[in-house]
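Engineer: sharing a model that was predicted from the sequence below.
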Amino acid sequence: MMRIAIGSLMQETNTFSPVKTTVETFRSYYLLYGDELFTGYKNAQVEVPGFIDVLRAANVEIAPLMAGFAAASGVVTRAAFDELVNDLLLRLQAALPVDGVLLALHGAMSVEDEPDAEGEILEKVRAVVGLDMPIGVSLDLHAHVTPRMVEHATFIIGYQNYPHTDIYETGVRTARLMLDTLEGRRQPKTTITKRPMVLSAVNARTLEGPLKTVADAAREMERSGRILHGSLFPVQPWMDIPDLGFGVIVVANENLDNAQAAADELADMAWAIRAECEPDLVPLDEAIQIALEAPEGLTIVGDAGDAPSGGAAADNVGVLKALLDYGADRAKVQTYLTLCDPEAVQEAVKAGIGSEVTLKVGHKFSTMDGEPLTISGRVRTLSDGSYILSSAGSTGLTMNNGVTAVITIGSVSLSVRSLPAFEWDPAMYTSVGLDLHSAALAFVKSPSHFRATFGPIADRILIADTPGPTCANMRKVKFTRVTRPLYPLDEI
């Protein structure tokens, strides 16, 4: 019986985030070991369950290693990285002999002293298994791909979609190519090419907008048989590291020259439309005015600058202050927004539901980016902050906001949570008793992914030009270490 080892270690680094990532950060989301990989994901439709379903259907023996996930945040400490990777390697060594290795990685993890964390992981895995063993890797579309990754992996397959609606399917594609490789049906050859540009996540979607033409070209190359897989990597744009840029990885059958030609063609297509990918942003005050003065309907506004899915601490009070300055708390319509502040949550818990409270909220993590704002309101609800995602691409995944308190300030409902979890799903509001059908305005700390599930219930979507570690205007990001020239920082 064929035997394949599987594992995962995923974190997306934002070097502008003030919060470093530790083992405890991973543990607050999940760390699974051995057979826990078969049960720990429950019904989540993500990469590792995709691996498992394909391998089980093919009657392959699975050697589960470990799986760790931490939401986007600051750099990973060297101590945490070494502990987790050494655990992965020891389990892999103990699992030998195996016929192949499947890894689900993010691709944009950065360690304190190493910007190419996945390159280091793959180099160390390769050292354990030897030069001839196939290593298949799945990556997030926002990976910072490097030649080092390609050197040590047999093949790399990225998400095709942004918003990320094909996470499970990417796991399936990766596992199927591993089977094809081991059974001799395919001889994957993998190559990489990059272009010196960093695209705002607001307008780097693949299901609509300018980049869709490039994604469609990759799919056509696959359908025609010219390549096996073509993956676009617009990159996590908030990484101040050398060689940041738009990447393309292509896997072709047998012929490396074919792979390189296709990769160059796709990269050139993306480079040609770089100006079209500039984000369409609305000033924050204007976004609030549009929403609250609209005759009817729900306006969803992306607070792109404080997006936890991109590594922000989600504790910036800029939106809340702008709402109160505008008088949204005295409006006849309801406004919803979120904030991460575990200290304020604990004060609300002590006060209890129905109590009037005065709290200093915000900037408990991003202390250099602003000061806390004093608010007075009523504790409306308290919850454990846990809910199940229904959004495409992560269906069944449990999201943990930590203990959460909803504070009402007149017509403004502020959901204050303890952890900066992704804002991808309407359940972030409905799980704490906030009915989106009753609101005129709801803020989501996300540049684009939220469109997949908030889009169908929104009458209009705006992206506010808000400050923070995930600022959507690349020209405003304070890069100091990136390799120049780099578009749009430089006109090239």
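Structural biologist: The structure has been received and is ready for your questions.

Engineer: how about the contacts made by I375?
Structural biologist: Residues near I375 by CB atoms under 8 Å, 6 or more residues apart in numbering: L320, L324, T358, L359, V361, I407, I409, L414. To be clear about C-beta, it is placed using only N, CA and C from the backbone, and glycine gets the same treatment.

Engineer: next, count neighbours for the fourth one.
Structural biologist: If I follow you right, that is L359. L359: 23 surrounding residues under other CB atoms under 10 Å.

Engineer: isn't there a strand covering it?
Structural biologist: Yes: the assignment for L359, made by DSSP: H, G, I helix; E, B strand; the rest coil, places it in a strand.

Engineer: now do the same contact list for it.
Structural biologist: L359 sits next to A344, E347, A348, T374, I375, S376, G377, I407 when contact means CB under 8 Å, 6+ apart.

Engineer: about what we covered before: closest one of the contacts of I375 to G396?
Structural biologist: Looking at the contacts of I375 and their distance to G396, the nearest is L414, at 28.4 Å (CB to CB).

Engineer: for that closest one, give its distance to L179.
Structural biologist: Distance from L414 to L179, counting by CB to CB, to the nearest Å: 50 Å.

Engineer: so these two - more neighbours on which side?
Structural biologist: More crowded of L414 and L179, by other CB under 10 Å: L414, with 25 against 20.

Engineer: where do the helices sit along the protein?
Structural biologist: Secondary structure of the chain, counting by DSSP state H: helices at 23-29, 36-39, 47-57, 78-95, 117-129, 147-152, 167-182, 212-223, 256-272, 284-293, 318-326, 342-351, 427-430, 451-454.

Engineer: and for C340, the neighbour number?
Structural biologist: C340: 29 neighbours (other CB under 10 Å).

Engineer: surely it is in contact with A313?
Structural biologist: Yes: contact criterion CB atoms under 8 Å: C340 and A313 qualify, at 6.2 Å.

Engineer: so what sits against both of these two?
Structural biologist: F365, P420.

Engineer: contacts for stretch 433-442?
Structural biologist: Contacts of stretch 433-442 (CB under 8 Å, 6+ apart): 288, 291-292, 294, 297-301, 328, 331, 333-337, 380-381, 406, 413, 415, 426, 429-430, 454, 457.

Engineer: for the helices of the chain, give me TSV that also has distance to K189.
Structural biologist: Shown next, in TSV, are these (distance: least, CB to CB, whole Å):
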stretch	distance to K189
helix 23-29	34
helix 36-39	30
helix 47-57	22
helix 78-95	24
helix 117-129	17
helix 147-152	10
helix 167-182	11
helix 212-223	14
helix 256-272	4
helix 284-293	47
helix 318-326	48
helix 342-351	49
helix 427-430	43
helix 451-454	33
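
Engineer: and the ones you listed as a markdown table, adding mean pLDDT?
Structural biologist: Shown next, in a markdown table, are the helices of the chain (pLDDT from 0 to 100):
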| stretch | mean pLDDT |
| --- | --- |
| helix 23-29 | 93 |
| helix 36-39 | 98 |
| helix 47-57 | 98 |
| helix 78-95 | 98 |
| helix 117-129 | 98 |
| helix 147-152 | 98 |
| helix 167-182 | 98 |
| helix 212-223 | 98 |
| helix 256-272 | 98 |
| helix 284-293 | 97 |
| helix 318-326 | 98 |
| helix 342-351 | 98 |
| helix 427-430 | 96 |
| helix 451-454 | 91 |
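
Engineer: which strand in the protein runs the most residues?
Structural biologist: Identified as the longest strand of the chain according to DSSP state E is strand 61-73.

Engineer: related to what we said a few turns ago, of all the helices of the chain, which one is nearest G247?
Structural biologist: helix 256-272 (7.9 Å).

Engineer: so how far is D384 from G402?
Structural biologist: 8 Å.

Engineer: do a quick rundown of the strands in the stretch 301-450 of the chain.
Structural biologist: 334-340, 356-361, 373-383, 386-388, 398-400, 404-409, 412-417, 439-444 (DSSP state E, counting those that start in this stretch).

Engineer: out of the ones you listed, which gets the lowest mean score?
Structural biologist: Across the strands of the stretch 301-450 of the chain, strand 398-400 has the smallest mean pLDDT, namely a mean of 86.

Engineer: what is that strand packed up against?
Structural biologist: Secondary-structure packing of strand 398-400 (3 or more CB pairs under 8 Å, 6 or more residues apart in numbering; DSSP states H and E): strand 386-388.

Engineer: in the strand it packs on, what counts as buried?
Structural biologist: Residues of strand 386-388 classed as buried: Y387, I388 (neighbour count, 16 or more other CB atoms under 10 Å).

Engineer: number the chain from 27, please
Structural biologist: Renumbered: residue one is now 27, and that last one reads strand 412-414.

Engineer: strands paired with it, and their directions?
Structural biologist: Looking at strand 412-414 with DSSP bridges, its partner strands are strand 424-426 (antiparallel).

Engineer: just the buried residues of the strand it pairs with, please?
Structural biologist: M425, N426.

Engineer: quick one: that strand to chain centroid distance?
Structural biologist: Computed by CA atoms, centre = their mean, to the nearest Å, the separation of strand 424-426 from the middle of its chain amounts to 14 Å.

Engineer: what are the contacting residues of it?
Structural biologist: 54-55, 68, 70, 411-415, 445, 447-448, 450-451, 453-454.

Engineer: switch to 10 Å and redo it
Structural biologist: Residues outside strand 424-426 that contact it (CB atoms under 10 Å, 6 or more residues apart in numbering): 54-56, 67-70, 97, 410-415, 417, 443-445, 447-451, 453-454, 457.

Engineer: list buried residues within these.
Structural biologist: Buried among these by 16+ other CB under 10 Å: 54-56, 67, 70, 97, 411, 413-415, 417, 443-445, 447-451, 453-454, 457.

Engineer: ranking by neighbours, what's the top pick from the contacts of L385?
Structural biologist: When these are compared by neighbour count (other CB under 10 Å), A374 ends up highest, at 27 neighbours.

Engineer: how many neighbouring residues does the closest residue to it other than its chain neighbours have?
Structural biologist: In this structure, A374 finds its nearest non-sequential neighbour in A431, 3.7 Å apart by CB to CB, 6 or more residues apart in numbering. A431 has 27 neighbours, counted by other CB under 10 Å.

Engineer: what do you get for the one 4 residues further on?
Structural biologist: Close neighbours of I435, defined as other CB under 10 Å, add up to 18.

Engineer: one more: L208?
Structural biologist: 18.

Engineer: next, work out how far apart it and M28 are.
Structural biologist: L208 is 6 Å from M28, by CB to CB.

Engineer: quick one, the longest strand of the chain and helix 104-121 angle?
Structural biologist: Per axes from the mean of the first three to the mean of the last three CA atoms, to 10 degrees, the angle that strand 87-99 makes with helix 104-121 is 170 degrees.

Engineer: what is strand 87-99 packed up against?
Structural biologist: Strand 87-99 is packed against strand 29-39, helix 49-55, strand 56-59, helix 62-65, helix 73-83, helix 104-121, strand 126-131, with contacts defined by 3 or more CB pairs under 10 Å, 6 or more residues apart in numbering; DSSP states H and E.

Engineer: repeat that with 7 Å
Structural biologist: strand 29-39, helix 49-55, strand 56-59, helix 62-65, helix 73-83, helix 104-121 (3 or more CB pairs under 7 Å, 6 or more residues apart in numbering; DSSP states H and E).

Engineer: so can I have a markdown table of the ones you listed showing distance to P511?
Structural biologist: What follows is the helices and strands packed on strand 87-99, written out as a markdown table (distance: least, CB to CB, whole Å):
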| stretch | distance to P511 |
| --- | --- |
| strand 29-39 | 23 |
| helix 49-55 | 35 |
| strand 56-59 | 40 |
| helix 62-65 | 44 |
| helix 73-83 | 35 |
| helix 104-121 | 31 |
